[in-house]
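In: the amino acid sequence is not available; the structure is as follows:
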């Protein structure tokens, strides 16, 4: 340890540290500035948006853009739909992944290697968009919310990581539980899952963000505009399509540019607010289970 500290106290080490800080700061600003502009623009007036190409602090604050989108039945419907699909879809995906990963973590399971081989194959080869669409259509899932959840109910990568996490647990924990009379389901619920909070929190985040940001599935499988999720609605707004408004005044002209930025902000903020809740488990969940096979 003393040798490592001495190495980074050399002039070359200090130059390396400064270069790291500069490069990472530039990358961080490149990632943060567009989001700051979106947030600032959503609170700015239309006149300021047309006059200033870029800013991170509006000259005049207004909630007109948010008032416009919140008064739109189409936006409220898309928001509620996306929240419900995300919550239900995440629960289903996590349930199916855990219940498949737990038995595959047992080396004594008959046919285990065959099933794992089939899972690994899906990491390399996928059916593609058209075959998946044909399967969804033949199953009668078109124009239903199940089409947004079931085709990607189990992610092979997530399954393998969670399986490795379960497999790395000391077998003595399960043996002691079985001596006390616990069944396989009891061991899973009372022993394994409480000890798996880091990996479960990590993939809850992955699944939730994936469903929330999913654009292609609603676009392909939902034909009814009243069933569209927030991402498809966002595409309609940013493409310039008219948004139904609940305003009573027929002469009301909604702020077009500010409304687009407000919808983007609303579609982005829930994910950013959800991440800090699981952050303490995130790094540990990604590292544990990814080393052992």
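Out: Yep, it's here. Keep in mind the model is a prediction, meaning the values are calculated, not measured.
In: low-confidence bits of the protein, can you list those?
Out: Where the chain drops to pLDDT under 70, the residues are 1-9, 239-255, 277-293.
In: so where do the helices sit in it?
Out: 2-8, 11-42, 46-51, 64-70, 73-104, 112-124, 129-138, 156-167, 171-179, 184-187, 197-212, 216-221, 230-238, 256-287 (DSSP state H).
In: take those and lay them out in a markdown table including mean neighbour count and distance to residue 149.
Out: (Each C-beta comes from the backbone N, C-alpha and C, glycine too.) Conversion of the helices of the chain to a markdown table gives the following (neighbours: other C-beta atoms under 10 Å; distance: least, C-beta to C-beta, whole Å):
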| stretch | mean neighbour count | distance to residue 149 |
| --- | --- | --- |
| helix 2-8 | 9 | 49 |
| helix 11-42 | 12 | 28 |
| helix 46-51 | 15 | 37 |
| helix 64-70 | 20 | 26 |
| helix 73-104 | 18 | 4 |
| helix 112-124 | 12 | 18 |
| helix 129-138 | 13 | 11 |
| helix 156-167 | 20 | 15 |
| helix 171-179 | 12 | 31 |
| helix 184-187 | 14 | 24 |
| helix 197-212 | 21 | 7 |
| helix 216-221 | 17 | 9 |
| helix 230-238 | 20 | 15 |
| helix 256-287 | 17 | 18 |
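In: go through the ones you listed and name the closest to residue 145.
Out: helix 73-104 (5.6 Å; C-beta to C-beta).
In: could you give the angle of the closest one to helix 156-167?
Out: 50 degrees (axes from the mean of the first three to the mean of the last three C-alpha atoms, to 10 degrees).
In: before we move on, back to that, let's have the helices of the chain in a markdown table, adding distance to residue 145.
Out: A markdown table is the format used below for the helices of the chain (distance: least, C-beta to C-beta, whole Å):
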| stretch | distance to residue 145 |
| --- | --- |
| helix 2-8 | 54 |
| helix 11-42 | 28 |
| helix 46-51 | 35 |
| helix 64-70 | 22 |
| helix 73-104 | 6 |
| helix 112-124 | 24 |
| helix 129-138 | 12 |
| helix 156-167 | 21 |
| helix 171-179 | 37 |
| helix 184-187 | 29 |
| helix 197-212 | 11 |
| helix 216-221 | 9 |
| helix 230-238 | 13 |
| helix 256-287 | 18 |
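In: go through the ones you listed and name the closest to residue 57.
Out: The nearest among the helices of the chain, by C-beta to C-beta, is helix 11-42 at 5.9 Å.
In: quick one: list the elements packing against that closest one.
Out: helix 2-8, helix 256-287 (3 or more C-beta pairs under 8 Å, 6 or more residues apart in numbering; DSSP states H and E).
In: which non-adjacent residue is nearest residue 33?
Out: Distances taken as C-beta to C-beta, 6 or more residues apart in numbering put residue 56 closest to residue 33, at 7.0 Å, once the chain neighbours are dropped.
In: please name the residues that touch the one you found.
Out: 33, 36-37, 40 (C-beta atoms under 8 Å, 6 or more residues apart in numbering).
In: could you measure from it over to residue 98?
Out: 43 Å (C-beta to C-beta, to the nearest Å).
In: equivalent analysis for residue 134, please.
Out: Residue 134 is 29 Å from residue 98, by C-beta to C-beta.
In: before we move on, the earlier item: nearest to residue 144, out of the helices of the chain?
Out: Checking those against residue 144 by C-beta to C-beta gives helix 216-221 as the closest, at 7.7 Å.
In: contacting residues around the closest one?
Out: So helix 216-221 is contacted by 129, 133, 136, 141-144, 147-148, 151-152, 227-229, 231-232, 235 (C-beta under 8 Å, 6+ apart).
In: count of neighbours near the residue nearest to residue 182 when sequence neighbours are not counted?
Out: Using C-beta to C-beta, 6+ apart and skipping the chain neighbours, the partner closest in space to residue 182 is residue 190 (6.6 Å). Neighbour count of residue 190, defined by other C-beta atoms under 10 Å: 12.
In: I'd say residue 190 and residue 176 touch.
Out: No. Counting by C-beta atoms under 8 Å, residue 190 sits too far from residue 176 to count as a contact (11.5 Å).
In: hey, what's in contact with both of those two?
Out: By C-beta under 8 Å, 6+ apart, no residue touches both residue 190 and residue 176.
In: quick one: residues contacting the residue most central in space within the chain.
Out: Compute the mean C-alpha point of the chain, and by C-alpha atoms, centre = their mean the closest residue is residue 209, 1.0 Å away. Counting by C-beta under 8 Å, 6+ apart, residue 209 makes contact with 271, 274.
In: sounds good, over and out.
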